[in-house]
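*Asks:* prediction below, plus the sequence it came from.
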Amino acid sequence: MTTPFLQREPDAADRERWRASLAEIPASAEHTGLVPLFVFRVGEERLGIEPRHVELAVPMPVLHSIPHRGAELAGVVNVRGAVTLCFSIADILGIPPGPAVPRPMLLVLVQPGWRVACRVDFAEGILEFDRSALMPVPSTLQATGRRHVKGIFPAEPGDVRWIDAGTVFEAFDAAAR
């Protein structure tokens, strides 16, 4: 009886070819000292969060308010057929409102057990920053926002605050209760 194809041992030539192709894979960002962040703007502030927490960035759909809720919980939105809580990341981070933008964006953020939306003014996309350039959070930053920021990367046209996803999702949880 012959061994089925998928249960056969690969021959030595195939194993060597696979080993060579795996050796060509570049080192991950963790090993190169680079920090990839999904960068977006709220008011006059540029913010960044790890890309693994960003599911979607789309034009802002209709926002349905929820009565008798704090400013942090802006309402609910329909995201691809799913009713999703929409939070004001500006209120959670203590960012003053900037000038009105003609086409705001909706950023859908995920973490195990959570899928939420936030209104942002502009989504730039994924940028990489050198970890050695990370500056500490200045004491002049409002206490509300300082709690949710890991550090600040200098960049042009403005510095980028690295958002701590863990504490921001805790703030989402508190605002939803």
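*Replies:* Sure, I can see it.
*Asks:* ok so Asp171 is a helix residue?
*Replies:* Just to correct that, residue 171 is Ala rather than Asp. Yes: assignment of Ala171 by DSSP: H, G, I helix; E, B strand; the rest coil places it within a helix.
*Asks:* ok, now how distant is it from Arg80?
*Replies:* Going from Ala171 to Arg80 by Cβ to Cβ, to the nearest Å gives 24 Å. Where C-beta positions appear, they are placed from N, C-alpha and C, glycine not excepted.
*Asks:* and those two? which has more neighbours close in?
*Replies:* With neighbours defined as other Cβ atoms under 10 Å, Ala171 and Arg80 compare such that Ala171 has more, 19 against 10.
*Asks:* any idea of the pLDDT on the more buried one?
*Replies:* Looking at Ala171, its pLDDT stands at 88.
*Asks:* from what I can see it touches Ile89, true?
*Replies:* No: with contacts counted by Cβ atoms under 8 Å, Ala171 stays clear of Ile89, the gap being 9.0 Å.
*Asks:* lowest-pLDDT helix or strand in the protein?
*Replies:* Least confident helix or strand, the chain: helix 29-32 with a mean of 55, by mean pLDDT, DSSP states H and E.
*Asks:* next SSE downstream of that helix?
*Replies:* Counting by DSSP states H and E, the next helix or strand C-terminal to helix 29-32 is strand 34-42.
*Asks:* and the following helix or strand past that next one, how far from the chain's centre?
*Replies:* Following strand 34-42 in sequence order, the next helix or strand is strand 45-49 (DSSP H and E). In terms of Cα atoms, centre = their mean, to the nearest Å, the centre of strand 45-49 is found 9 Å from the chain centre.
*Asks:* quick one: strands adjacent to strand 45-49?
*Replies:* When pairs are called by DSSP bridges, strand 45-49 turns out to pair with strand 34-42 (antiparallel), strand 160-163 (parallel).
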